[in-house]
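Engineer: Here's a sequence, model it:
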Amino acid sequence: MLVLGEPAMEVMEPLVRRVKQVCDHYLAPRAEEVAAGRVSRAALDELAEAGVFGLSVYQPAAPFTAANVQREVTELLAAADASTWFVTAQHHHPLREVAGADGPRATAGSRGWRRAG
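Structural biologist: Reported below is the predicted structural model:
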């Protein structure tokens with residue numbers, strides 16, 4: 001099992017490598033501006049292109065585990081830009097719910113789809 005922070009994770013695991021590149025070259029340089037304003041659509045597009053929005057259902061190849069990759073990506077994002085990490089983190093729970101559902105009835109309430117609030 002790999003330990004978080006090992007260079008092998010960043011070098012060898014494709015999703016982690018892509019996320020690290022986005023963090024280093026896009027998120028971190030703009031983090032102060034984002035903290036003072038808002039998360040940009042462009043930042044979310046960069047993360048989507050890297051595969052972050054599928055993270056909660058991502059299945060890496062051995063020897064990596066989904067839990068290790070998720071922790072590493074979370075650490076990279078939070079360290080680079082906490083505001084953008086928070087926005088992306090809100091996406092993962094609903095995705096896990098949908099991925100684990102057996103169809104519309106599995107996520108529907110008695111009167112149709114469940115709504116927030």
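
Engineer: only C-alpha atoms for contact and neighbour calcs from this point on.
Structural biologist: Noted.

Engineer: following the helix or strand containing L47, which helix or strand comes up?
Structural biologist: L47 belongs to helix 41-50 when assigned by DSSP states H and E. Moving toward the C-terminus from helix 41-50, the next helix or strand (DSSP H and E) is helix 66-80.

Engineer: Who are the packing partners of that following helix?
Structural biologist: Packed against helix 66-80 by the contact rule (3 or more Cα pairs under 8 Å, 6 or more residues apart in numbering; DSSP states H and E) you find helix 14-22, helix 82-100.

Engineer: Flag whichever of those helices has the least confidence on average.
Structural biologist: Here the lowest mean pLDDT among these goes to helix 82-100, at a mean of 78.

Engineer: Using PDB, list the CA coordinates for the helix holding L47.
Structural biologist: Output in PDB follows, covering the C-alpha atoms of helix 41-50 (Å, rounded to 0.1, in the frame of the first residue of the first chain):
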ATOM      1  CA  ARG A  41     -16.000  28.800 -14.000                       C
ATOM      2  CA  ALA A  42     -12.600  28.500 -15.700                       C
ATOM      3  CA  ALA A  43     -11.100  26.900 -12.600                       C
ATOM      4  CA  LEU A  44     -14.000  24.400 -12.400                       C
ATOM      5  CA  ASP A  45     -13.500  23.700 -16.100                       C
ATOM      6  CA  GLU A  46      -9.800  23.000 -15.500                       C
ATOM      7  CA  LEU A  47     -10.700  20.600 -12.700                       C
ATOM      8  CA  ALA A  48     -13.400  18.900 -14.800                       C
ATOM      9  CA  GLU A  49     -10.900  18.400 -17.600                       C
ATOM     10  CA  ALA A  50      -8.500  16.800 -15.100                       C
END
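
Engineer: Return the list of helices and strands in contact with that helix.
Structural biologist: helix 14-22, helix 82-100.

Engineer: Identify each buried residue in the shortest one, please.
Structural biologist: Think helix 14-22. Neighbour-count burial for helix 14-22, counted by 16 or more other Cα atoms under 10 Å, picks out 14-20, 22.
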